[in-house]
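Peer 1: With the input below, show me the fold.
(chains A and B)
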Amino acid sequence: MNTKLISIVAALMLGVAGCGGSGGGGGGGQPPPPPPPPITMAEAYQFLNQATMGATLDEAQRVIGMRYEAWIDDQLRKPASLQLPHVQSLPLPPFIGQLQPDRIDIWFRNALHGDDQLRQRVAFALSEIMVVSQLGVLNNYPYGLASYYDTLAENAFGNYRDLIEDVTLHPAMGVYLSMLGNEKPDPVNNIRPDENYARELMQLFSIGLVELNLDGTVKTDGQGQPVATYDQSIIEGFAHVYTGWTFAGSPVFRGARPTLTNQVIPMQLWQSFHDTGSKTLLNDFVVPAGQSGNLDLQMALDNIFNHPNVGPFIATRLIERLTTSNPSPQYVERVATVFNDNGRGVRGDLGAVVKAILLDAEARSNPGSDTDGKIKEPLLRLTQLFKAYNATSQSGRYPLGFAYVVFGQGPLQASHVFNFFSPFYAPPGEINDRGLVAPELEISTEYLNTYVTNYFFYQTFGLNQTNQNLNEDDVYIDISEEMAIATDVDALINMVADKLLGGQISDTLRNETAGMLALIPETEAALRAAETIYFVTTSPEYAYQR
Amino acid sequence: MKKINRRDFMRTSGAAAAAVTLAHTPGLAWSQGVGTTAPFPDYKALVCVFLHGGNDSFNMLVPNTTAEYNVYAASRQNMAIAQQDLLPINPVSAGGSNPFGLHPSMTGLQGLFEAGKASFVANVGPLVEPTTKDQYFAGSVTVPSQLFSHNDQQDQWHSLKGAGTSKTGWAGRIADLIRQSVTEQQMATNASLNGTILWQSAEETIAYVMGQTGPLQFEGFSNDPNNILYDQRQAFQRIVEAQYGSVYERGFAEIQRRAIAAADTVSEAIANAPVLTTVFPNSPLGRQLETVAKLIGNRDALQMQRQIFFVGIGGFDSHDDQVQNQPNLLGGVSASLTAFQGALDELAIADSVTTFTQSDFGRTLTSNGDGTDHAWGGNQVIMGGAIQGRDIFGTYPVLQIGGNDDVGGGRMIPTTSADQFAATLAKWFGIPDADLDIVAPHIDNFTQRDLGFMV
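Peer 2: Residues are numbered from 1 along each chain as shown, chains lettered A, B, ... in the order given. Alright, predicted model coming up:
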């Protein structure tokens, strides 16, 4: 953070103590109601905060005009905005890890300006389910990470079976969960296959630890106990399957090194390092002995793909990332049913799954109960603000490589394969007492909440277009529209509420903001605009995704 | 699992009903009860150093007699530490014949051990009841659910949930049990410098989460009523104190309220802490422990009587490149622990602070080529002036593949349970014997309720 901003902001704020202000009229018109019932601005905002990297007025107008399904169908056809071509286009720095901020930069460019908004949002969701991370062994793989994210984006509306194969063979995943270089047993030296990927592909990316009903509830045995989906012996079976793979084109299997090219193409099989014994997998399926490593892999991924848990498991994970933390079993079942069969006999159609999640009545109520919706992910609070206020920098870059420090999350910046937060996290108090979950609140600690709040303080008061001392990479927002009407308290609050909240603002937030505006002179247009945006972006209602 | 029942507390005091309401109320969450139990006459702190990912602790504490080392080396093959590189230690109970050695990177810990300021608990891990290999394979005993899985085994260490489920951790349950004895405290009993953690989750009390160097203060807030930033703070507070329609807004607003309530006082306590001459490593773990030392040093400013700190570092999930990475990992732990103990000595508070490690699990004795996989039992460090120093508690297992302690691949069945480990610490901390089963739900399944490592 630009430290001089703090003093600038403080001086500005101190300078205006004790002054008064005045309010004025405001308010917008309502469109006439033609059949079918028109989508309201608030409803369009709710939808776009589920389906994009942040709702904007312009996109809300398009949703209102097109209606939901046509908007989704249009988005499903958009090709992916990619990261790798950008990262590859840059000159190589002395240490390749220095390209990580550029990888973050292109993530923001695609998030803010890509016209494949739904694809970018689903890719972000997938990146929180099939986790690899810059933090740790992949810090020197910016190409590999960009390529991995592109893999998620390109498969976001494809088939889940293709997705898990591409993820499995991606060298970034190979390095992260150590399937790369995994080799057949060597009993003499007490060496056996690495179990890391075998375990996490099942536990986190596909079926989970316990048998699920179609509606996502846990199956129980005669004693009321959950039924485990697999045991250690099955993990060992898969661990033997995942032997023999390393960087493509490497001259050696053991000690294979990453290159700029081999970290962005699928791993390659060395049959001589593959275990050719038979392997017992899920549901007593046996991979016969004597096969190629590739055939073993195909059969193993089919075995996982066809496990009945995948539908409810992936439905639940994606619903939690896109629409609500606490879906009803019926909602999960409706989506899982689409996973199992998209209506044309195809299992695993992720485009159909995403569409089912977004068009479901439970996602489209506004909101129906106090458990509908979710906490808006902190990074999405930032991208929404950036989109609404045309954020840019003098360099045109968004190299916010520190995102994970401030927001507790950043693009491919989880601290481990379990993502930024657990899907089962319930904070003490009401949410825990009622048996609900709020995963995002695991990173809403006192510490990180303060960090995010302070960031919005700097962003609104300091990092806006009126600042004459911006560094070339400082990402700033444009608050000139607010400044133009800043003397009119109601109009100012309404404008910010429209841009950031779809017009739905609580009386408390409106009144408290107006109270602060009364203390800031009418001549201080930038401060008045910033104050309003600061109060809205740090409010509980902005942190709530309806 | 036996739960702490709110009604039990209500019966103890007419005012306790108010305490229940206040426990989740902003600003008052720190004064954790208004019961009748007398306050503690002294200060004590527990400091948990969590090694995320599963520390390969059979390379941290290694058998050093010829016969036992050879078994170790035969099992570990290319993961073994060369015997001549081990740092010899002389446990009291072993008669001083160097029967164990430490990883060569842990010179600081070797010094603490030999000075009587550190000990180990050998092969400890989650158990529901004493478990032999035969019983394990016969399924004749209950074992913890989802063995060998990271997050589940972390949860086991945190919650001691056994085969069941739990939404509270054993540190959280301790804080609940003592909340009526620490009513003057200006900060929560439980504090984490490493994120939200199940270990500190509780039914009645709340854990406070700060950063490596303490809390952040809110920008743009002033306590001077003549400053507009005072109005800003007041307005901000009214916004987060308002009523909201969704559970998510309410949950978020509650955290914001707590953050505002504590940021100033805790930051001030750290800023005004006694200056330490001890130099801490400039590492995530070093910074966290330095902050803990400052808070302990200035405990009186916050009227603290009992504190439970959580610090942690990652990187221990050594599936790959273990031989290359382990020296830095274990060396870093050793250096940070050494500095922390030095600071506590400097503050003359070492007898009141007990530090210990926990980790997801031990790792397989066998190799996967260049690393190791998830296992079960492991060795943990205990440190401080109130422990029985220079010793190894529990039973060090036979490190033989296919031996009596191995359930496959060199996964050691714990010979001491995490419940016993927790109960021993809890008892020292002031939990009466009758309540130890609330802290450690399976403690009654083990004959030794107290491992004897506390003075």
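Peer 1: Which stretches in the chain count as strands?
Peer 2: Picking chain A for this. A:245-246, A:268-269, A:279-280, A:286-287, A:374-375, A:544-545 (DSSP state E).
Peer 1: The intended chain is chain B.
Peer 2: Under DSSP E, chain B gives strands at B:44-51, B:61-63, B:87-89, B:100-102, B:118-125, B:190-192, B:208-209, B:306-313, B:353-359, B:378-384, B:392-393, B:416-417.
Peer 1: Chain A: which of the ones you listed is closest?
Peer 2: Across the strands of chain B, chain A has its closest neighbour in strand B:208-209 (3.6 Å, C-beta to the nearest C-beta). C-beta coordinates here come from the backbone N, C-alpha and C atoms, glycine included.
Peer 1: Go ahead and name everything in contact with the closest one.
Peer 2: Strand B:208-209 has contacts (C-beta atoms under 8 Å, 6 or more residues apart in numbering or on different chains) with A:445-448, B:30, B:187-188, B:190-193, B:195-196, B:258, B:262, B:266.
Peer 1: That strand pairs with which strands, parallel or anti?
Peer 2: Note on strand B:208-209: by DSSP bridges, its sheet partners are strand B:190-192 (parallel).
Peer 1: average pLDDT across the strand it pairs with?
Peer 2: For strand B:190-192, mean pLDDT rounds to 98.
Peer 1: Just the buried residues of it, please?
Peer 2: B:Asn190, B:Ala191, B:Ser192 (16 or more other C-beta atoms under 10 Å in any protein chain shown).
Peer 1: Can you tell me which of these is nearest A:Ala70?
Peer 2: Lowest distance from A:Ala70 to these (C-beta to C-beta) belongs to B:Ser192, with 47.8 Å.
Peer 1: Quick check: the gap between the closest residue to the closest one other than its chain neighbours and B:Gln341.
Peer 2: Closest residue to B:Ser192 apart from its sequence neighbours, by C-beta to C-beta, 6 or more residues apart in numbering or on different chains: B:Phe310 at 4.1 Å. The gap separating B:Phe310 from B:Gln341 is 18 Å, by C-beta to C-beta, to the nearest Å.
Peer 1: Mind jotting down where the helices sit in the stretch 101-250 of chain A?
Peer 2: A:117-127, A:142-155, A:160-169, A:171-176, A:196-203, A:232-241 (DSSP state H, counting those that start in this stretch).
Peer 1: same deal with chain B?
Peer 2: Listed in chain order, the helices of chain B (DSSP state H) span B:6-12, B:16-23, B:66-76, B:107-114, B:133-138, B:150-159, B:170-177, B:228-240, B:247-271, B:284-297, B:322-346, B:418-429, B:436-439.
Peer 1: can I get the ones you listed in a markdown table with mean neighbour count, distance to A:Pro427 and mean pLDDT?
Peer 2: Formatted as a markdown table, those follow (neighbours: other C-beta atoms under 10 Å in any protein chain shown; distance: least, C-beta to C-beta, whole Å; pLDDT from 0 to 100):
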| stretch | mean neighbour count | distance to A:Pro427 | mean pLDDT |
| --- | --- | --- | --- |
| helix B:6-12 | 14 | 18 | 33 |
| helix B:16-23 | 17 | 14 | 36 |
| helix B:66-76 | 17 | 42 | 96 |
| helix B:107-114 | 20 | 36 | 98 |
| helix B:133-138 | 12 | 36 | 96 |
| helix B:150-159 | 23 | 15 | 92 |
| helix B:170-177 | 28 | 12 | 96 |
| helix B:228-240 | 19 | 15 | 97 |
| helix B:247-271 | 22 | 5 | 96 |
| helix B:284-297 | 24 | 22 | 98 |
| helix B:322-346 | 21 | 29 | 97 |
| helix B:418-429 | 25 | 23 | 98 |
| helix B:436-439 | 21 | 22 | 96 |
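Peer 1: Make TSV out of those helices and add distance to chain A.
Peer 2: Converted to TSV, the helices of chain B look like this (distance: least, C-beta to the nearest C-beta, whole Å):
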stretch	distance to chain A
helix B:6-12	11
helix B:16-23	9
helix B:66-76	6
helix B:107-114	25
helix B:133-138	11
helix B:150-159	5
helix B:170-177	8
helix B:228-240	4
helix B:247-271	4
helix B:284-297	11
helix B:322-346	9
helix B:418-429	20
helix B:436-439	17
